[in-house]
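Visitor: Starting from these lines, generate the structure:
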Amino acid sequence: MIIAVTGTPGVGKTTLSKLLAAKLGYEYVSVRDFALEKGIGEKAGDEIEIDVDELARLASDEFRGKNVVIDGHLSHFIPADIVIVLRLHPRAVAERLKLRGYPPKKLAENVEAEFVDVILIEAVEENKNVLEVNTTDRRPEEVLNEVLSLLQAGVRRRVGIVDWSDSYGEILPYLMRRG
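Guide: Next comes the predicted model:
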């Protein structure tokens, strides 16, 4: 089974992916590392630009028939049995990215992406089986247990559970940081 864990930077993808892979006995795969290893990721400053079509093709070939948890904010472009979209309140995204040293413009772009559901929309457009999970104010083990419960119950689609629209005024100062 291929499980893709995706979401805006800072939502907890890597933490959950590693916990989930360990719990299920699956291989953990980082999209970033996979892309660099396969030569489809090009460094652009501190980031890596990845050809998502090539990512999807190579990952499909590489992981077909294997049990893997694929971690990365582009993992929803990989053909997967299930895509888990992690969500986090945009204010918390901003605070985490600020701690990571993101420049104001990049911080604002990611806060906006979380606020308007960019990753969720892309995931739903690309995949049939999508689970949206809110990580706000939750410990990693709580999120892991929710994901495991959803998987064990056979839930294949759960979207539309998060709505940040009432937070616009609260996150507006972060959105204004486009530098």
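
Visitor: from here on, contacts and neighbour counts on C-alpha atoms
Guide: OK.

Visitor: Packing partners of the lowest-mean-pLDDT helix or strand in the chain?
Guide: For the chain, scoring each helix and strand by mean pLDDT, DSSP states H and E identifies strand 41-44 as the least confident one, at a mean of 79. When contacts are defined as 3 or more C-alpha pairs under 8 Å, 6 or more residues apart in numbering; DSSP states H and E, strand 41-44 sits against helix 31-38, strand 47-50.

Visitor: got the contact list for the first one?
Guide: If I follow you right, that is helix 31-38. 41, 42, 48, 50, 55, 70, 71, 72, 74, 75 (C-alpha atoms under 8 Å, 6 or more residues apart in numbering).

Visitor: returning to what we had before: any idea which of the helices and strands packed on strand 41-44 gets closest to residue 135?
Guide: helix 31-38 (20.9 Å; C-alpha to C-alpha).

Visitor: just how off-centre is the closest one within its chain?
Guide: Taking the mean of its C-alpha atoms, helix 31-38 sits 16 Å from the chain's own mean (C-alpha atoms, centre = their mean, to the nearest Å).

Visitor: Same question for stretch 144-164.
Guide: For stretch 144-164, the distance to the chain centre is 14 Å (C-alpha atoms, centre = their mean).

Visitor: how about residue 79, secondary structure?
Guide: coil (DSSP: H, G, I helix; E, B strand; the rest coil).

Visitor: Please give me every residue in contact with it.
Guide: Contacts of residue 79 (C-alpha under 8 Å, 6+ apart): 2, 56, 59, 60, 127.

Visitor: now the first one: how far from residue 35?
Guide: According to C-alpha to C-alpha, to the nearest Å, residue 2 stands 17 Å off from residue 35.

Visitor: thinking again about what came up before, pick the one among the contacts of residue 79 closest to residue 66.
Guide: residue 2 (7.0 Å).

Visitor: partner residues bridging that closest one?
Guide: residue 68 (DSSP bridges).

Visitor: how many other residues sit next to it?
Guide: 22 (other C-alpha atoms under 10 Å).

Visitor: ok, now residue 84?
Guide: 27.

Visitor: Just the CA trace of the helix or strand encompassing it, in PDB.
Guide: Under the criterion of DSSP states H and E, residue 84 resides in strand 82-87. The C-alpha trace of strand 82-87 is given here as PDB (Å, rounded to 0.1, in the frame of the first residue of the first chain):
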ATOM      1  CA  ILE A  82      -4.500   6.900   0.100                       C
ATOM      2  CA  VAL A  83      -3.500  10.500   0.600                       C
ATOM      3  CA  ILE A  84      -3.500  12.000   4.000                       C
ATOM      4  CA  VAL A  85      -3.700  15.800   3.900                       C
ATOM      5  CA  LEU A  86      -2.500  17.300   7.200                       C
ATOM      6  CA  ARG A  87      -4.000  20.700   8.200                       C
END
